[in-house]
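Visitor: Just need the structure, nothing else, for what follows:
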Amino acid sequence: MPEFKERSIYSGGYLDCGLWDLDQLTALEQLREDLDYLDENGCRTHWADSLLFCSHGNGSYFGIDQTSGEVIYLSMDGIMHGWRLGYDFASFMHHWIHVGCAGHWGQDFMLFSSVNAPYIDHTSDHALLVKQWLGIQHFGS
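Guide: Take a look at the predicted model:
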């Protein structure tokens, strides 16, 4: 796992869409189809096989990889594009909610992972620190 010198999380949560706005799924699918051209040169894989379920507000999206079922981070600029956030949607939400939905950039989500837990893990060292800052260390496993 690469090392990052900057270990700050500037914001979190959803900036553009509501968390469970099912009406957005149609618009997100249209956007995904419009962005599918990014795969033509091979540097933006994952768009074609993903179901977008949320705009993250910084030009990135959360999607479900339709081949594996994993939740992935989809980035327009390629930074952290394809980073695996959760084994499945339920696992992703379980762990992300337990860190207060913290994180805004792809690198933020990487900080909640470890070599032993490649997805967001609310028991990772950084996640425990964020939970302490937020006063939610009592959240269970």
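Visitor: CA atoms for contacts and neighbours, from now on please.
Guide: Fine.
Visitor: following the helix or strand of the chain with the lowest mean pLDDT, which helix or strand shows up next?
Guide: One helix or strand of the chain scores below all others by mean pLDDT, DSSP states H and E: helix 106-111, with a mean of 82. Per DSSP states H and E, helix 106-111 leads on to helix 125-134 as the next helix or strand towards the C-terminus.
Visitor: Can you point out the buried residues in that next one?
Guide: Buried residues in helix 125-134, defined by neighbour count with 16 or more other CA atoms under 10 Å: His126, Ala127, Leu128, Val130, Lys131.
Visitor: Flag every buried residue along the longest helix along the chain.
Guide: Across the chain, the longest stretch assigned as helix under DSSP state H is helix 24-35. For helix 24-35, the buried set under the neighbour-count rule, 16+ other CA under 10 Å, comprises Gln24, Leu28, Arg32.
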